[in-house]
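1. Pasted the sequence and its predicted model underneath.
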Amino acid sequence: MKIRKLTSVLLLLILFLFACSDRTIVTDRKEMKGNLGDTYGFTSFHLTIDTKMEKQSVLVMYEEKPKRIEAEYENKEKGITSFGNKAMKKLDELFKSLELTSDMAEEDMIKTISETFEISDYKMIKLSIKFVGHDAKEIQMSK
C-alpha cells in the first residue's frame, strides 16, 4: 500500500516537473513561417542587462529550433516576467525594431539593444546571438 502511494506521488512529481519545464515553449507560431531565422535573422538570442540599480534587470532568452521556439522575457524595472506565447508577443515587438545584422560592429549592437530595451544606465550588457549562417557571437560590454 505504501509503495503504491509512493509511486503515485513520484509520478505526480515527475509530471509536474515536465509541465514546468515546458513553460517557455511558444505554441502560437502564426508569425513564424519559412526557414529558421527568416523572421528576425537570428535563431538564438540571449541577453542579460545589469543596471547600476539592479543586477539582471533585463533577461531575454529566445531559441528557434526546427520543431519549436522557446522564449522568456523579464524586465524587473517594468515589472514584467513572461514565458512562452506571452514572452514571444513582447519579444516580437522588440526584435522587429532591433534590426541587428551579423556584420554590425559590437558597439553598434550594444547601442541598438540599449535603445530598443530602453536601458540607458546599464552597467553591463551580455549578449549571445546566433545569426543564420554564422557562428554565435558572444559580446560583453561594461560602462
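-> Perfect, I can see it now.
2. Glu54: neighbour count?
-> 14 (other Cβ atoms under 10 Å). Yep, even glycine has a C-beta here, placed from its N, CA and C like the rest.
3. Please apply the same query to the one 4 residues further on.
-> Other residues within reach of Val58, judged by other Cβ under 10 Å, total 23.
4. which one is it nearest to, not counting chain neighbours?
-> In space, Val58 comes closest to Ile49 once its chain neighbours are excluded; the distance is 4.0 Å by Cβ to Cβ, 6 or more residues apart in numbering.
5. For the strand or helix carrying the one you found, C-alpha coordinates in CSV please.
-> Applying DSSP states H and E as the criterion places Ile49 in strand 42-51. What follows is strand 42-51, C-alpha atoms only, in CSV (Å, rounded to 0.1, in the frame of the first residue of the first chain):
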residue,chain,number,x,y,z
PHE,A,42,18.9,35.0,-35.9
THR,A,43,17.9,31.7,-34.3
SER,A,44,19.3,32.3,-30.8
PHE,A,45,19.3,35.4,-28.7
HIS,A,46,20.3,35.5,-25.0
LEU,A,47,20.6,38.9,-23.3
THR,A,48,21.4,40.0,-19.8
ILE,A,49,21.4,43.7,-18.8
ASP,A,50,22.7,44.8,-15.4
THR,A,51,21.9,48.3,-14.4
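6. In its sheet, which strands sit next to it, and in what direction?
-> Partners of strand 42-51 in the sheet, by DSSP bridges, are strand 58-64 (antiparallel), strand 122-131 (antiparallel).
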